[in-house]
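this is a predicted model, with the sequence first.
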Amino acid sequence: MAGNGPISQDWEPVVLRKKAPTAAAKKDEKAVNAARRSGADIETTRKSNAGTNKAASSSTSLNTRKLDEETENLSHERVSTELKKNIMQARLDKKLTQAQLAQLINEKPQVIQEYESGKAIPNQQVVTKLERVLGVKLRGKK
């Protein structure tokens, strides 16, 4: 070691201690019992909803009541019977299968099947492609 001046020994004592107990450790049952034995003041408070499930059950009943009172029928719009008949008729007039028509409009055969069975949710882009390929106006007046 290169130093400036004489080397001296540091004789001050070094004290190693444990960490002070954390809040969780202070609440530990052993720590509370030790404090009781030593006569220290212990403050205990009971939380208002401790040990109960009131918060979960009360909000659930409100939501359940709202759902019970709900009478609106929520469902997706489906392909109209007129549209599905028009698609089927135009396809048959062109002598195309569902798979061939699907290939012409770059869609899966299942899409054509769903439109013709009335299970599909109408997509204006698909209907426009069908109109263009079939050469028929499917929406509105003919």
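Nice, thanks for sending it over.

show me the contacts for E131.
Counting by C-beta atoms under 8 Å, 6 or more residues apart in numbering, E131 touches K137, L138, R139. Every C-beta, even on glycine, is put in place using the N, C-alpha and C of the backbone.

break down the chain into its strands, ranges please.
Ranges of strands within the chain: none, based on DSSP state E.

got a markdown table for the contacts of E131, with pLDDT, neighbour count and distance to R78 too?
Converted to a markdown table, the contacts of E131 look like this (pLDDT from 0 to 100; neighbours: other C-beta atoms under 10 Å; distance: C-beta to C-beta, whole Å):
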| residue | pLDDT | neighbour count | distance to R78 |
| --- | --- | --- | --- |
| K137 | 90 | 11 | 20 |
| L138 | 85 | 17 | 15 |
| R139 | 80 | 15 | 15 |
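
low-confidence stretches in this structure?
Scanning the chain for pLDDT under 70 picks out 1-3, 5, 21, 25-26, 46-62, 141-142.

rerun that using 80 as the cut-off
1-8, 10, 17-28, 31, 41-75, 140-142 (pLDDT under 80).
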